[in-house]
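Novice: Sequence plus predicted model, see below.
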Amino acid sequence: MSYANLAIALTGIVSALAQEGFHAVHAEQGVTVYRRESSSAIELGAEGAIDAPPEVVRAVLLDYANHPRWLKGLAESRVLYRGPATLDVYQRLVLPLIDDRDYTLRVTWGADGELQWLRFAAARDQGPPPVEGVVRVTLNEGGWKLYATGGGKATYAVYRFRLDLAGSVPRWMGKGRAGKEVAHLFESIRDQTQYYRWAATH
């Protein structure tokens with residue numbers, strides 16, 4: 001099924017973002033990015049098709065230890081705790097012109113029928129203590145909804161997050177480039193799925 005046909009089939013998902021105050025700001029490679037204005041936080045939603053089953057896409061998303069290999073600006077990603085459907089993950093971002101940022105995420109995942117989901121939020125009481133010269137992020141939350149399409153062979157992914165980089169951040173970095181970066185994130189995930197197909201189904 002083409003990206004266009006998937007979008008038509010899932011207009012309810014699109015309108016849900018619009019009803020929550022999001023408006024489209026960027027479209028590229030079959031990915032539409034939405035933004036909702038917030039005070040100092042970056043709040044984005046995005047959706048697009050991925051040519052891999054939902055369980056494969058989720059395997060890519062949950063392999064946090066390997067995210068620095070393909071996720072731009074992510075210098076470190078360490079799994080601190082692993083439970084049956086829970087992870088605690090410490091990450092450090094390297095960004096141009098400003099100090100590094102870090103945070104610890106509590107990640108959970110599950111399924112509602114055929115819908116697979118993943119959620120994350122900054123866990124302020126977990127992870128290593130703050131490091132001098134690195135700004136600690138306390139607001140970083142969001143998640144993914146992965147809808148099976150094409151008889152379960154493909155995925156329509158809906159992503160949203162809310163992030164406050166804290167400290168002094170140029171406006172162009174905080175919001176101006178965010179839409180394009182999210183579209184590139186989808187492209188990177190599409191590229192990675194080829195390495196996870198076998199592992200996610202065995």
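Specialist: Received it, and whenever you're ready, just let me know what you need.

Novice: for the chain, what are the low-confidence residue spans?
Specialist: In the prediction, the chain carries residues with pLDDT under 70 at positions 1-16, 38-40, 167-178, 198-202.

Novice: all helices of it, in order?
Specialist: If DSSP state H is used as the criterion, the helices of the chain fall at 3-9, 11-19, 54-62, 171, 178-192, 197-200.

Novice: Not including adjacent chain positions, what is the nearest residue to G48?
Specialist: The shortest distance from G48 to any non-neighbouring residue, by CB to CB, 6 or more residues apart in numbering, is to V31 (3.6 Å). To be clear about C-beta, it is placed using only N, CA and C from the backbone, and glycine gets the same treatment.

Novice: list the helices and strands the longest strand anywhere in the chain packs on?
Specialist: Looking only at the chain and at elements set by DSSP state E, the strand with the highest residue count is strand 100-112. Counting by 3 or more CB pairs under 8 Å, 6 or more residues apart in numbering; DSSP states H and E, the packing neighbours recorded for strand 100-112 are helix 54-62, strand 74-82, strand 86-93, strand 115-122, strand 134-136.

Novice: go with 6 Å
Specialist: Packing contacts for strand 100-112, counted by 3 or more CB pairs under 6 Å, 6 or more residues apart in numbering; DSSP states H and E, involve strand 86-93, strand 115-122, strand 134-136.

Novice: right, and these - which one's nearest G45?
Specialist: The closest of the helices and strands packed on strand 100-112 to G45 is strand 115-122. By CB to CB, the value is 14.1 Å.

Novice: Does the closest one pack against any helices or strands, and if so which?
Specialist: Partner elements for strand 115-122 (3+ CB pairs under 6 Å, 6+ apart): helix 54-62, strand 100-112, strand 139-149.
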